[in-house]
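J.: Here is my input; please provide its structure:
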Amino acid sequence: MSAQATESHTPAHPLGTGDSPADDGPGALTRAWSRCFAAIYGALLWRVERRGNAERRERLLSSAEGTVVELGAGTGHNLRYYPVDTQLVLTEPEAPMAKRLRRRVEGSDRRATVLEEPAERLPLPAESADTVVSTLVLCTVDDPAAALAEASRVLRPGGRLLFIEHVAAPEGGRLRRWQERTHDAWHRFACGCHTNRETEASIRAAGFEVDEIVADELEFDLPLVKPLIWGRARKPELGAEAAS
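T.: Now for the predicted structure:
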């Protein structure tokens, strides 16, 4: 990888409807809010990171190895936690986030390639990665199944998926009911975030073997996004499925 290399492939915003910055209506408003959200994202996560998520990231990402593809890298919160001998490919589809991500890479001592691409369409060869990372991302992608299928495609057999994701609360409980009731409002505020996704089931449905999973709570003041899972999953080795 070249030092601080970047490629600019700019997909449409998942909530946007306009084609240019001059568009009026919902598309222009969405783009404006996307820029604002990118600007405040670090502040929104500051307390979360200080209260324990930074330690969680460090513990999980210490096991990243080889060529690492990060889905939805945001503004680069994970950058400092990757082992120094990893080769980093950081994907981020939102232009305002990607701009801040590039700045963080350029201001660091890490080498990374930044691709402005969605998790559902990675411009990478099959079986080219040793590790795929998804932290607070699968809540927001348009199509979690497609994103996980892409993660599996780019991983070599035996490669690992490392994940930290907030998820739906258990069915039938009060918190789950509130997640459902407030879903649309939160989805608009948080630039596409879904509070009610069954992400563990999606990971397993994509064919990953879950090696470790921890049911936890995100250190966020809003209960809607507290339910959390994190852990490690593996793409089966060649022939493993046939043997089973």
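
J.: which intervals of this protein have sub-threshold pLDDT?
T.: The chain contains residues with pLDDT under 70 at 1-26, 29-30, 33-34, 37-44, 240-244.

J.: Could I get the full set of strands for it?
T.: 5-7, 67-71, 87-91, 112-115, 129-135, 155-166, 209-217, 227-234 (DSSP state E).

J.: Include mean neighbour count and distance to residue 141 when you put those into a markdown table, please.
T.: To be clear about C-beta, it is placed using only N, CA and C from the backbone, and glycine gets the same treatment. Formatted as a markdown table, the strands of the chain follow (neighbours: other Cβ atoms under 10 Å; distance: least, Cβ to Cβ, whole Å):
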| stretch | mean neighbour count | distance to residue 141 |
| --- | --- | --- |
| strand 5-7 | 14 | 20 |
| strand 67-71 | 26 | 8 |
| strand 87-91 | 24 | 11 |
| strand 112-115 | 24 | 15 |
| strand 129-135 | 25 | 9 |
| strand 155-166 | 21 | 11 |
| strand 209-217 | 14 | 19 |
| strand 227-234 | 20 | 16 |
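
J.: can you list the ones you listed in JSON lines and add distance to residue 200?
T.: Formatted as JSON lines, the strands of the chain follow (distance: least, Cβ to Cβ, whole Å):
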{"stretch": "strand 5-7", "distance to residue 200": "32"}
{"stretch": "strand 67-71", "distance to residue 200": "17"}
{"stretch": "strand 87-91", "distance to residue 200": "22"}
{"stretch": "strand 112-115", "distance to residue 200": "27"}
{"stretch": "strand 129-135", "distance to residue 200": "12"}
{"stretch": "strand 155-166", "distance to residue 200": "8"}
{"stretch": "strand 209-217", "distance to residue 200": "6"}
{"stretch": "strand 227-234", "distance to residue 200": "6"}
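
J.: give me every residue that touches residue 76.
T.: 90, 100, 101, 104, 105 (Cβ atoms under 8 Å, 6 or more residues apart in numbering).

J.: and it, what are its phi and psi?
T.: The phi/psi pair for residue 76 (degrees, to the nearest 10) reads phi 100, psi 30.

J.: and the gap between it and residue 65?
T.: Here residue 76 is placed at a distance of 20 Å from residue 65 (Cβ to Cβ, to the nearest Å).
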